[in-house]
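Colleague: model the structure of this input:
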Amino acid sequence: MIKSKDDLQFYLEADKFALDKKYSKPKINDDVWKFQILLRKVEYYKNKNPSLLSIILLRAYQVRKHRLGIKLGFDIPPNVFGPGLRINHFGNIVVNGSAKVGMWCDIHQGVNIGSNNSAEGNILVPKIGSNVWIGPGAKIFGEIEIGNEVQIAANAVVNKNVADNKTVAGIPAKVINDKGTESVAVAASKAKMDEFLESYPQYKHYFK
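Modeller: Numbers count the residues shown, from 1 in each chain. As a prediction, this is how the structure comes out:
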């Protein structure tokens, strides 16, 4: 969670690296990157101790994020995704604000990370680990835990726990492979995260 300027800088650098952006600032067609920057700034001003200035800035960033989110089809609340987020394309991504997703998530269009409601009225949402690749059209919902280094295939419907280092596919999703993201060259892989740490050793303490 972003609570300081140092945290904010780390998240921004990690997201930029995951998005494979080699230049310093977004260009005119970098709407997804712009959205992720706004998301991180909303998180920062939402989580820090409030002041008149921070409240004004939070509101301004919330409005900009909301407008760009509508344009791109993103309904992504703050404080869900860890650093190293890669949103691959614009188009219909809906995430419950109570869900939690770890570092280095690689997510595609058409994904829904949602909830089930219990008989008591509780909202039951997924907890997703780090280095997870989520394919186009995947649906993940309910009080489930997705492990680290998991691949979720396109259009999979995941409503049960998934252990570490697995690939799941189907409706409902089942394990089809005992190798997860460590076996493929994607932004969610630990190899990519290690590359980031080699380039930015000052952030190693965030990975302990």
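Colleague: all helices for the chain, in order.
Modeller: Listed in chain order, the helices of the chain (DSSP state H) span 5-18, 31-47, 52-72, 190-199.
Colleague: any buried residues in the last one, and which?
Modeller: Read it as helix 190-199. Within helix 190-199, the residues that qualify as buried by neighbour count (16 or more other Cβ atoms under 10 Å) are 190, 192-193, 196. C-beta here means a position set from N, CA and C on the backbone, and glycine is covered the same way.
Colleague: of those residues, which is the nearest to Gln151?
Modeller: For the buried residues of helix 190-199, the minimum distance to Gln151 (Cβ to Cβ) is 12.9 Å, reached by Lys190.
Colleague: so who does the nearest residue to the closest one once chain neighbours are set aside touch?
Modeller: Taking Cβ to Cβ, 6 or more residues apart in numbering, and ignoring the residues beside it in sequence, Lys190 has Asn131 as its nearest neighbour in space, at 5.4 Å. Each residue near Asn131 by Cβ atoms under 8 Å, 6 or more residues apart in numbering is listed here: 102-104, 148-150, 180-182, 188-190, 193.
Colleague: go with 7 Å
Modeller: Taking Cβ atoms under 7 Å, 6 or more residues apart in numbering, we find Asn131 in contact with 104, 148-149, 181, 188-190, 193.
Colleague: re earlier: show me the two of the buried residues of helix 190-199 that sit farthest apart.
Modeller: The distance between the two most remote of those (Cβ to Cβ) is 10.4 Å, for Lys190 and Phe196.
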